[in-house]
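Visitor: Need coordinates for the below:
(2 chains, ligands or ions: 3)
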Amino acid sequence: MVQFSEDKLAKVNEIIAHYPEGKQKSALLPLLHLAQENFGGWLSAETMDYVASLLQIEPIEVYEVATFYSMYHTKPVGKYVFEVCQTGPCMLNGSDHIIAYISQTLGIKPGETTADGLFTLKTAECLGACGYAPMMQLGKHYREHLTKEKVDSIIAECRTAATANN
Amino acid sequence: MGRKLLLEKAHVEGIRYFDVYRREGGYRSVEKALKTMTQDEIVEEVKKSGLRGRGGAGFPAGMKWGFIAKPEGVPRHLVCNADESEPGTFKDRYLMEFIPHLLIEGLIVASYALGSHDTYIYIRGEYAWIPDILEQAIAEAKANGFLGKNILGTGFDCEIYVHRGAGAYICGEETALIESLEGKRGNPRIKPPFPAIKGAWGRPTVVNNVETLAAVVPIINEGGEEFAKIGVGKSTGTKLISACGNINKPGVYEIDMTISVEEFIYSDEYCGGIPNGKRLKACIPGGSSVPILPANLLLKTAKGETRYMNYESLSDGGFATGSMMGSGGFIVLDEDQCVVRNTYSLARFYRHESCGQCSPCREGTGWMEKVLLRLEKGKEKLVISICFGISKAKLKATPFVPWVTLHHGRWLLQSVILEMSLNGM
Ligand SMILES: Cc1cc2nc3c(=O)[nH]c(=O)nc-3n(C[C@H](O)[C@H](O)[C@H](O)COP(=O)(O)O)c2cc1C
Ligand code: SF4
Ligand code: FES
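Guide: Ligands and ions are numbered 1, 2, ... in the order given. Okay, here's the model as predicted:
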């Protein structure tokens, strides 16, 4: 069952208090971020229903928002999600080659997850790092000026972190 | 070297923290504004400065502030637009990451001028590490009496909250941003009513870009007239330009708007020229929504005059032979790049980012993407007439101000013609 811990619930109430009284739906985007971080990196129907109950809104109001924004995953994803920017300025600096290289190295196409559940590859649209292209988002941070060597070391870093966590 | 108003102190060690920022003269504008100026005087000062919105449209900031409705007993809000999703643009990120207190300082002054007691920063969700930086700056400002209740003993109360988006370009459009702030899908609203009358939660709201709000600090410190002396014509003050694509020194530059485009691209102070001595082919000077220009029309206007990095000069020639300052996202293409391929990738971007509520945009952006891909692969011959068709259909069909559609239909056409003419077709 999905359920926030006590201190996360305190955080939820703090977020709701940022908005005018009775307008608690405004907290939906921040709460979905929090839920996604806490419940396995994606938003299941159960998670979304739980968020709806916290905000006293209809589940459909959550579903329509969760499916609109590209950062919310409505299907399970790997432990590490590589979101590689493919828009104009990144493309001018070789993002297509980086995507192809990751694809080949991990043996998955954009949108897919490796069989061990470790990596998901996604293409992304401009992430506001065009001067540091090619780049990708990995978790909370950006990895910029990507090269094949850098990609290799990021993959190795993730594998090491995953082993350490197990 | 040009005058710097925003980034002058960005490299001072520790400037991210309140103590250093304050020691360097930070928060003086809050003291001056709250203790010695009325709300109207601040708006007047911003009007005098000639400051134009830095989010893309270039609308005079003081005039916008003057429009805010003040119905009795209804709260008003200031919302800072930190959505920054226009391809080529990464200047607001730089400002927030390196000198966050400058934004917070500008926000406090602007909140006072507009009477906003609850002010929001709407930041794109992907900038996931920046809210921590901003929230720390807010907490420090509050601990030092510059935010919260009874700021500096003046009786003015103000809180600033950071609201993270979740990945949607269209949420940079101010009414979509407001919808998103209210916890909904980012579908733009029909205007009027404008946000200044009915914005967030139906209350009068002003939405301003990060850079616009940061510029309020030097305007209050030095006076609107001093600010207006920098730059040229209606391009007053300084402008942040994020430069990218095929250049030696991509990055964020603060320029006073008197330098030429040529100097900006080739001087070592700015972009440092094009790698490997390649030739300049084309450039999108103000973010992906503005028209692309071939090298000859970029460096000189159609009349043969030098083109400068300011609002007037960049738009000289309109959409036919000119472009726009836009959001300051400067994208350079060298001689090896294909304009059609670049435009294809931007069309894909707009297809992905269409909110989908107007059918010409929802369908048209997808068509543009397909047509451009076919053209790039050499499979499309009738493309010109198809493009004309798309842009005309869009002009007629949609009830919204169809930025994504109308604008991009034209710009797509221009790009295709450009590549063909560069190839001698
Ligand atoms: C499709 C679209 C996307 C936009 N994206 C942004 C953005 O990312 N950041 C921004 O500040 N303004 C953006 N704008 C402009 C805003 O609607 C609004 O004009 C601006 O935030 C006003 O602030 P300013 O007057 O300080 O520039 C966008 C407009 C449109 C039509
Ligand atoms: S023009 Fe496109 S992005 Fe704008 S409101 Fe219509 S469908 Fe949405
Ligand atoms: S185009 Fe990739 S970050 Fe902007």
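
Visitor: which residues does residue B:100 contact?
Guide: Neighbour list for residue B:100: B:16, B:133-134, B:136-137 [criterion: Cβ atoms under 8 Å, 6 or more residues apart in numbering or on different chains]. Where C-beta positions appear, they are placed from N, C-alpha and C, glycine not excepted.

Visitor: What is the neighbour count of the residue nearest to it when sequence neighbours are not counted?
Guide: Using Cβ to Cβ, 6 or more residues apart in numbering or on different chains and skipping the chain neighbours, the partner closest in space to residue B:100 is residue B:137 (4.2 Å). Neighbours of residue B:137 under the rule other Cβ atoms under 10 Å in any protein chain shown: 25.

Visitor: Helix or strand: which one has residue B:137?
Guide: helix B:130-143 (DSSP states H and E).

Visitor: how about that helix: buried residues?
Guide: B:130-131, B:133-134, B:137-138, B:140-142 (16 or more other Cβ atoms under 10 Å in any protein chain shown).

Visitor: Mind exporting the C-alpha coordinates of it to PDB?
Guide: What follows is helix B:130-143, C-alpha atoms only, in PDB (Å, rounded to 0.1, in the frame of the first residue of the first chain):
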ATOM      1  CA  ILE B 130      17.900  24.800  -8.500                       C
ATOM      2  CA  PRO B 131      14.900  25.000  -6.100                       C
ATOM      3  CA  ASP B 132      17.300  24.000  -3.300                       C
ATOM      4  CA  ILE B 133      19.500  27.000  -4.100                       C
ATOM      5  CA  LEU B 134      16.500  29.300  -4.300                       C
ATOM      6  CA  GLU B 135      14.900  28.000  -1.100                       C
ATOM      7  CA  GLN B 136      18.200  28.500   0.700                       C
ATOM      8  CA  ALA B 137      18.400  32.100  -0.500                       C
ATOM      9  CA  ILE B 138      14.800  32.700   0.500                       C
ATOM     10  CA  ALA B 139      15.500  31.300   4.000                       C
ATOM     11  CA  GLU B 140      18.600  33.400   4.400                       C
ATOM     12  CA  ALA B 141      16.700  36.600   3.200                       C
ATOM     13  CA  LYS B 142      14.000  35.700   5.700                       C
ATOM     14  CA  ALA B 143      16.400  35.100   8.600                       C
END
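
Visitor: name the helices or strands packed onto that helix?
Guide: If contacts are counted by 3 or more Cβ pairs under 8 Å, 6 or more residues apart in numbering or on different chains; DSSP states H and E, helix B:130-143 sits against helix B:18-23, helix B:91-98, helix B:100-114, strand B:118-123, strand B:159-164.

Visitor: Just the CA trace of the first one, in PDB.
Guide: Coordinates of the C-alpha atoms in helix B:18-23 are reproduced here as PDB (Å, rounded to 0.1, in the frame of the first residue of the first chain):
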ATOM      1  CA  PHE B  18      23.600  36.000   1.900                       C
ATOM      2  CA  ASP B  19      26.500  37.400   3.900                       C
ATOM      3  CA  VAL B  20      28.700  37.700   0.800                       C
ATOM      4  CA  TYR B  21      26.000  39.000  -1.400                       C
ATOM      5  CA  ARG B  22      25.000  41.600   1.300                       C
ATOM      6  CA  ARG B  23      28.700  42.600   1.800                       C
END
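
Visitor: where along the stretch 201-350 of chain B do the helices fall?
Guide: Listed in chain order, the helices of the stretch 201-350 of chain B (DSSP state H, counting those that start in this stretch) span B:210-222, B:224-229, B:261-266, B:295-299, B:311-314, B:318-321, B:339-353.

Visitor: can you check chain A too?
Guide: Ranges of helices in chain A, per DSSP state H, are A:6-16, A:28-38, A:45-55, A:59-66, A:88-92, A:95-106, A:148-165.

Visitor: Pick the most buried one from these.
Guide: helix A:88-92 (a mean of 29; mean count of other Cβ atoms under 10 Å in any protein chain shown).

Visitor: can the helix of greatest length in chain B be found next to ligand 2?
Guide: Longest helix in chain B, counting residues (DSSP H): helix B:359-376. Yes: figure legend: helix B:359-376 in contact with ligand 2 (Cβ under 6 Å from any ligand atom); contacting residues B:361-362.

Visitor: Now do that helix and helix B:339-353, the angle between them.
Guide: Counting by axes from the mean of the first three to the mean of the last three Cα atoms, to 10 degrees, helix B:359-376 lies at 150 degrees to helix B:339-353.

Visitor: picking up where we left off before, nearest to residue B:28, of the helices of chain A?
Guide: helix A:6-16 (31.5 Å; Cβ to Cβ).

Visitor: tell me what the closest one is packed against?
Guide: Helix A:6-16 sits against helix A:28-38, with contacts defined as 3+ Cβ pairs under 8 Å, 6+ apart.

Visitor: quick one, the helix it packs on and helix A:45-55 angle?
Guide: Orientation check (the same axes, to 10 degrees): helix A:28-38 against helix A:45-55 gives 140 degrees.

Visitor: Export helix A:28-38 to CSV, keeping only CA atoms.
Guide: The C-alpha coordinates for helix A:28-38 follow below in CSV (Å, rounded to 0.1, in the frame of the first residue of the first chain):
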residue,chain,number,x,y,z
LEU,A,28,-0.6,18.7,-7.3
LEU,A,29,2.6,19.0,-9.3
PRO,A,30,4.9,19.2,-6.3
LEU,A,31,3.1,16.3,-4.7
LEU,A,32,3.4,14.1,-7.8
HIS,A,33,7.1,14.8,-7.8
LEU,A,34,7.3,13.7,-4.2
ALA,A,35,5.2,10.6,-4.8
GLN,A,36,7.3,9.6,-7.8
GLU,A,37,10.5,9.9,-5.8
ASN,A,38,9.0,7.9,-3.0
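
Visitor: related to what we said a few turns ago, mind putting the buried residues of helix B:130-143 into CSV with pLDDT and distance to residue B:120?
Guide: Output for the buried residues of helix B:130-143, formatted as CSV (pLDDT from 0 to 100; distance: Cβ to Cβ, whole Å):
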residue, pLDDT, distance to residue B:120
B:130, 98, 15
B:131, 98, 12
B:133, 98, 16
B:134, 98, 11
B:137, 98, 15
B:138, 98, 12
B:140, 98, 19
B:141, 98, 16
B:142, 98, 16
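
Visitor: Which two of these have the greatest separation?
Guide: B:130 and B:142 (18.4 Å).

Visitor: Show me the residue sitting in the middle of the chain in space.
Guide: Looking at chain A here, since you left the chain open. Closest residue to the average C-alpha location of chain A: residue A:71 at 5.2 Å, with Cα atoms, centre = their mean.

Visitor: could you do chain B instead?
Guide: residue B:55 (2.5 Å).

Visitor: is it true that that one touches residue B:81?
Guide: Yes: here residue B:55 reaches residue B:81: they are 5.6 Å apart, a contact under Cβ atoms under 8 Å.

Visitor: Touching both of those two, which residues are there?
Guide: Counting by Cβ under 8 Å, 6+ apart, the contacts common to residue B:55 and residue B:81 are B:172, B:208-209.

Visitor: residues contacting residue B:325?
Guide: Here residue B:325 is in contact with B:58, B:235, B:239, B:285-286, B:290, B:309-311, B:314-315 (criterion: Cβ under 8 Å, 6+ apart).

Visitor: again, but for residue A:47
Guide: A:2, A:35-36, A:39.

Visitor: Pick out the most distant pair among the residues you listed.
Guide: The largest separation in the contacts of residue A:47, counting by Cβ to Cβ, is between A:2 and A:36 at 11.3 Å.

Visitor: hmm, back to that, for the helices of chain A, give me JSON lines that also has mean pLDDT and distance to residue B:245.
Guide: As requested, the helices of chain A are exported to JSON lines (pLDDT from 0 to 100; distance: least, Cβ to Cβ, whole Å):
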{"stretch": "helix A:6-16", "mean pLDDT": "97", "distance to residue B:245": "39"}
{"stretch": "helix A:28-38", "mean pLDDT": "98", "distance to residue B:245": "32"}
{"stretch": "helix A:45-55", "mean pLDDT": "98", "distance to residue B:245": "40"}
{"stretch": "helix A:59-66", "mean pLDDT": "98", "distance to residue B:245": "34"}
{"stretch": "helix A:88-92", "mean pLDDT": "97", "distance to residue B:245": "5"}
{"stretch": "helix A:95-106", "mean pLDDT": "98", "distance to residue B:245": "12"}
{"stretch": "helix A:148-165", "mean pLDDT": "96", "distance to residue B:245": "20"}
